[in-house]
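S.K.: Pasted the sequence and its predicted model underneath.
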Amino acid sequence: MTAPAPSGEQFEIVHGEQRATIVEVGGGVREYVVGERPVLDPYPREAICDGGHGAPLIPWPNRLRDGRYSFDGSDYQLELSEPAKHNAIHGLLRWRSWRASEHEPGRVVMSNRLHPSPGYPFALEVQIAYSLSDAGLSVRSAARNVGERACPYGAGQHPYLSPGMASIDDCTLQIPAETRILVDPQRSLPCGREPVGASAYDLRQPRLVGDQQIDAPFTDLIREPDGRATSRLSAPDGTSVELWVDERYAFLEVYTGDGLHGSRRRGALAVEPMTCAPNAFQSGEGLTRLEPGEQIEATWGVRLV
């Protein structure tokens, strides 16, 4: 008898040579491959999800200083899920069980009800739809305020782009952003911003990753005519992984994975779509005020080229 996976039930979707596995715990994508080539860096079925691999980050992405915020005249305190830095990080749904409300061969919709709690006394109905097509994997998040009062809301997701058999050191990276948000080295919280200019963080044109360590948010995204902004990680074998975001996603967190353990270090690169800035529950930057009955959606996608 096969032991249960730490990530719970596994929901596979397939389209041609493409295959993705979505998991019960956290509602994220555990793997996405084309043939034998990983597009998103996977984590093993028998392992606990590490480093936020593939997880939705709701109702806020990234970090919140001291886990504190004020909304509509009331003050709230969230649990410090990043105690070493005294922050609350990546929302409230990463370790909760999600259910598959729809499951077809090439599509699965994961659903969760976020009930009120002392630190976030608001009610959300959340759905993440994962779909495979000739255009790759698309991921649409939708959140509806099912409570009786307005709530603060932000969303993100934590995919790691795979370089295939290479290290990211040998890949080129392109991030379509004009501005880098500066973060302090102690707590990784925003402390300013600067144009990427001709700095080491100017990734508007492809450049070799090399030994550069990146763990930074970017904004002022350069949009294509359809409103999308596309990032690319290109491997030495000529393949590229492209990740695009729609206009709801105004921020990208880029992380070279240096804090991951063992062989996973420098073996993948996170490009995390975010609808709001780090610490948005305090700063308000990009934060959505979601009124009762209101729904908000955002979509990103990834493909192998």
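M.R.: Nice, thanks for sending it over.

S.K.: what distance separates the start and the end of stretch 208-226?
M.R.: 28 Å (CA to CA, to the nearest Å).

S.K.: Work out the gap between that stretch and the centre of the chain.
M.R.: 14 Å (CA atoms, centre = their mean, to the nearest Å).

S.K.: what pLDDT, on average, does it get?
M.R.: pLDDT averaged over stretch 208-226 equals 96, rounded to a whole number.

S.K.: same check, this time on stretch 41-48
M.R.: Stretch 41-48 comes out at a mean pLDDT of 95.

S.K.: next one: stretch 178-190
M.R.: For stretch 178-190, the per-residue pLDDT averages 95.

S.K.: switch to numbering from 628
M.R.: Noted, 628 is the first residue going forward, which turns the last one into stretch 805-817.

S.K.: just the CA coordinates of it, formatted as PDB?
M.R.: Once non-C-alpha atoms are left out, stretch 805-817 reads as follows in PDB (Å, rounded to 0.1, in the frame of the first residue of the first chain):
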ATOM      1  CA  GLU A 805      11.800  49.100 -14.700                       C
ATOM      2  CA  THR A 806      12.100  49.300 -10.900                       C
ATOM      3  CA  ARG A 807      13.500  47.200  -8.100                       C
ATOM      4  CA  ILE A 808      12.000  47.500  -4.600                       C
ATOM      5  CA  LEU A 809      14.900  47.600  -2.100                       C
ATOM      6  CA  VAL A 810      14.700  45.400   1.000                       C
ATOM      7  CA  ASP A 811      16.600  45.500   4.200                       C
ATOM      8  CA  PRO A 812      19.100  42.500   4.700                       C
ATOM      9  CA  GLN A 813      17.900  41.700   8.200                       C
ATOM     10  CA  ARG A 814      14.100  41.200   7.600                       C
ATOM     11  CA  SER A 815      13.700  41.300   3.800                       C
ATOM     12  CA  LEU A 816      11.200  44.200   4.100                       C
ATOM     13  CA  PRO A 817      10.800  47.100   1.700                       C
END
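
S.K.: Please list the residues outside it that contact it.
M.R.: With CB atoms under 8 Å, 6 or more residues apart in numbering as the contact definition, stretch 805-817 has outside contacts at 690, 692, 712-714, 818-823, 826, 828, 831, 842-849, 878, 904-906, 910. Using the backbone N, CA and C atoms, a C-beta is placed for each residue, glycine as well.

S.K.: Contacts only, for residue 848.
M.R.: So residue 848 contacts 803, 804, 805, 856, 872, 876, 877, 878, 879 (CB under 8 Å, 6+ apart).

S.K.: TSV for those, including neighbour count?
M.R.: Shown next, in TSV, are the contacts of residue 848 (neighbours: other CB atoms under 10 Å):
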residue	neighbour count
803	21
804	25
805	14
856	23
872	28
876	25
877	18
878	27
879	24
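
S.K.: before we move on, back to that, so which of the contacts of stretch 805-817 belong to strands?
M.R.: Among these, the ones falling in strands (DSSP state E) are 690, 692, 714, 818-822, 842-848, 878.

S.K.: PyMOL command to pick out the buried ones of the contacts of stretch 805-817?
M.R.: Of the contacts of stretch 805-817, the buried ones go into a single PyMOL selection, burial set by 16 or more other CB atoms under 10 Å:
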select buried, resi 690+692+714+823+828+843+844+845+846+847+848+878+904+905+906
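
S.K.: what residue ranges in the stretch 778-927 of the chain score low on pLDDT?
M.R.: Scanning the stretch 778-927 of the chain for pLDDT under 70 picks out the ranges 889-892.

S.K.: ends of stretch 712-732, how far apart?
M.R.: 42 Å.

S.K.: In it, which residues are buried?
M.R.: Neighbour-count burial for stretch 712-732 [16+ other CB under 10 Å]: 714, 715, 716, 717, 718, 719, 720, 721, 725.

S.K.: what do you get for stretch 695-704?
M.R.: Buried residues in stretch 695-704, counting neighbours by 16+ other CB under 10 Å, are found at 696, 698, 703.
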